[in-house]
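Engineer: Here is a sequence with its predicted model. Questions after.
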Amino acid sequence: MTSVFTGRVPTFWHGHGVARRMTEQLTEGRETLVIADEAIPVPLLAGFSARSVRVDAASVDVTTVVTLAQKIVRRPPSIIVAVGGGSVLDASKIAALALAGGRVFDYAIGHASRFALTVLPDAPPPIDVVAVPTTLGTSSETNSVGILKNESGYRLIVGRTLRPRHALIDPHHLATLSPAAVREGVLEAFLRLAGSSTSPRRSARANSDAVVLGRALLDSATRDMASPEGRLRLARLSAATQRTAALRGQDPYSARHWYVANEVAFLLEVRKMAATAAVIAAVWRRICSGDSRWGDRESLEDFWAKAVAGTTLPLDPPSGITALIERWEIAPPPRPTARDISRIADATERSWGNRHPMLSALTADDFCDVLRDSCWNPEPVGNECRSSRSGSKGVI
């Protein structure tokens, strides 16, 4: 009788020097492949005899992933060490599916070429992946999600077979991050909690864990984002969003701002958190006006009030998140043209909206309204600029 796969969370290691120490321990005597961001010095690779592949994190896409998969199949390792930001970790996790039976990798790549969401068969990971993040906020080192960029956009691949076996968080690997990158990472982790908290279908424990972690992220970011200890704490809190009940609930798609920001980022070719900074307040204004298609007003207001208690942030969620984004100097993208707004809205409906469960009952017209109401950099792009509504940045 075959036992049922019950899943597991990664073994979590953190602290000064843990990356080199645990990598050596976990890979000793094993055929090892290291996949690392070519732009980042990786101290643990010094003197490390394992086979390695360097990738350009800025250009990672489906071609990169397929190439990695071919290398993995050609000479199968017994363990993979992935070192980099979210794009490198995601690429490594997806490429590792090439060692799974049943042509899972081919299914994932093929399905993602046609659909925005791919759910993998529930099965154990085909190989141990050791994830060593060099950025904050993505939580790729502890989650069961992979983002695949192809010609259609950023596609979402989900399944417990993607979850790494070990996560190693070493402050030495976070030392080169700019202050702006740290702030964006903290915002990403915080909004992961806030997005999940827009659903009313959650347990008391889930709501409590989300508030505790949200408050801790804001407090830690206020006190210390620069020192190795401060960055380690923030990285641990980001990982904890995946290791507690904070994201659990009956609505797996409750962070609805993510889907709009995803299309903004792809079509405008901007960073995901810059896109998020543009649209989040507009989405929250709709939730707080009672439009339940975007989320539950009471749930969002309850999370926000408790998470920001004791801070100087406004208690109104849209105004409060606008104030936080401005305080942390996370600049939104330049204002899109009317044509760009139409393209983004159409792509969002096609991939996530209308009859899809992610943005159910929302259409291109709804997304156009959100985008026109969003907060953009005052410098326009192109010649067809349409001004966003006055007051879209909220009141501080």
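Structural biologist: Looks like it came in fine.
Engineer: tell me the average confidence for stretch 131-145?
Structural biologist: Stretch 131-145 carries an average pLDDT of 97.
Engineer: got a list of what the nearest residue to residue 197 once chain neighbours are set aside touches?
Structural biologist: Using CB to CB, 6 or more residues apart in numbering and skipping the chain neighbours, the partner closest in space to residue 197 is residue 303 (3.7 Å). Any C-beta I mention is one placed from the backbone N, CA and C, and that applies to glycine too. For residue 303, the contacting residues are 193, 194, 197, 198, 207, 210, 211, 214, by CB atoms under 8 Å, 6 or more residues apart in numbering.
Engineer: what does residue 74 give?
Structural biologist: Counting by CB under 8 Å, 6+ apart, residue 74 makes contact with nothing.
Engineer: How about residue 52?
Structural biologist: Counted by CB under 8 Å, 6+ apart, residue 52 has contacts 33, 34, 35, 36, 45.
Engineer: now these: which count as buried?
Structural biologist: Using 16 or more other CB atoms under 10 Å as the burial test, the contacts of residue 52 include 33, 34, 35, 36, 45 as buried.
Engineer: Return the item of those having minimum pLDDT.
Structural biologist: residue 45 (61).
Engineer: Pull out the buried positions in the longest helix along the chain.
Structural biologist: Within the chain, and with DSSP state H defining each element, the longest helix by residue count is helix 204-223. Applying a neighbour-count criterion of 16+ other CB under 10 Å, one finds 206-207, 209-218, 220-221 buried in helix 204-223.
Engineer: picking that back up, can I get the contacts of residue 303 in TSV including distance to residue 111 and pLDDT?
Structural biologist: Below are the contacts of residue 303 laid out as TSV (distance: CB to CB, whole Å; pLDDT from 0 to 100):
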residue	distance to residue 111	pLDDT
193	29	98
194	30	99
197	30	98
198	28	98
207	34	97
210	31	98
211	36	99
214	34	99
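Engineer: could those residues be laid out in TSV, adding distance to residue 62?
Structural biologist: Output for these, formatted as TSV (distance: CB to CB, whole Å):
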residue	distance to residue 62
193	30
194	30
197	33
198	31
207	37
210	33
211	38
214	34
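Engineer: sorry, back to before: next, give phi and psi for the residue nearest to residue 197.
Structural biologist: Backbone torsions of residue 303, given as degrees, to the nearest 10, read phi -60, psi -50.
Engineer: quick one on the thing from earlier: by contact count, what packs against the longest helix of the chain?
Structural biologist: Judged by 3 or more CB pairs under 8 Å, 6 or more residues apart in numbering; DSSP states H and E, the packing partners of helix 204-223 are helix 179-196, helix 228-243, helix 297-307.
Engineer: so which of those gets nearest residue 250?
Structural biologist: Smallest distance to residue 250 across these (CB to CB): 11.1 Å, for helix 179-196.
Engineer: May I see the buried residues of the closest one?
Structural biologist: 181-196.
Engineer: now swap in stretch 16-36 and tell me
Structural biologist: 18, 19, 20, 22, 23, 26, 27, 32, 33, 34, 35, 36.
Engineer: Excluding its own residues, what touches it? List them.
Structural biologist: 13, 42-45, 48, 50-55, 68, 71-72, 76-84, 88, 91-92, 95, 128, 130, 132, 166, 168-173, 228, 232.
Engineer: Tell me which stretches of this protein form helices.
Structural biologist: So, for the chain - with DSSP H - the helices run 18-27, 62-74, 86-95, 104-112, 179-196, 204-223, 228-243, 257-268, 272-288, 297-307, 317-327, 338-351, 364-372.
Engineer: Can you say which of these is packed in most?
Structural biologist: Counting by mean count of other CB atoms under 10 Å, helix 86-95 has the highest mean neighbour count of these, with a mean of 28.
Engineer: just checking, what packs against that helix?
Structural biologist: Going by 3+ CB pairs under 8 Å, 6+ apart, helix 86-95 lies up against strand 32-37, helix 62-74, strand 79-84, helix 104-112, strand 128-133, strand 145-150.
Engineer: how about CSV for the ones you listed, with distance to residue 279 added?
Structural biologist: Formatted as CSV, the helices and strands packed on helix 86-95 follow (distance: least, CB to CB, whole Å):
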stretch, distance to residue 279
strand 32-37, 28
helix 62-74, 25
strand 79-84, 27
helix 104-112, 23
strand 128-133, 25
strand 145-150, 18
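Engineer: Of these, which is nearest residue 329?
Structural biologist: Checking the helices and strands packed on helix 86-95 against residue 329 by CB to CB gives strand 128-133 as the closest, at 23.1 Å.
Engineer: Quick one: closest of the helices and strands packed on helix 204-223 to residue 159.
Structural biologist: When these are compared by CB to CB, helix 228-243 sits nearest residue 159, at 14.4 Å.
Engineer: by contact count, what packs against that closest one?
Structural biologist: Checking 3+ CB pairs under 8 Å, 6+ apart, helix 228-243 ends up next to strand 11-14, strand 166-169, helix 179-196, helix 204-223.
Engineer: when you compare where that helix runs with where strand 128-133 runs, what's the angle?
Structural biologist: 130 degrees (axes from the mean of the first three to the mean of the last three CA atoms, to 10 degrees).
Engineer: could you give the angle of helix 228-243 to helix 18-27?
Structural biologist: Taking the same axes, to 10 degrees, one finds helix 228-243 and helix 18-27 inclined to each other by 50 degrees.
Engineer: center of this structure - which residue?
Structural biologist: What sits nearest the mean C-alpha location of the chain, by CA atoms, centre = their mean, is residue 138, with 4.1 Å.
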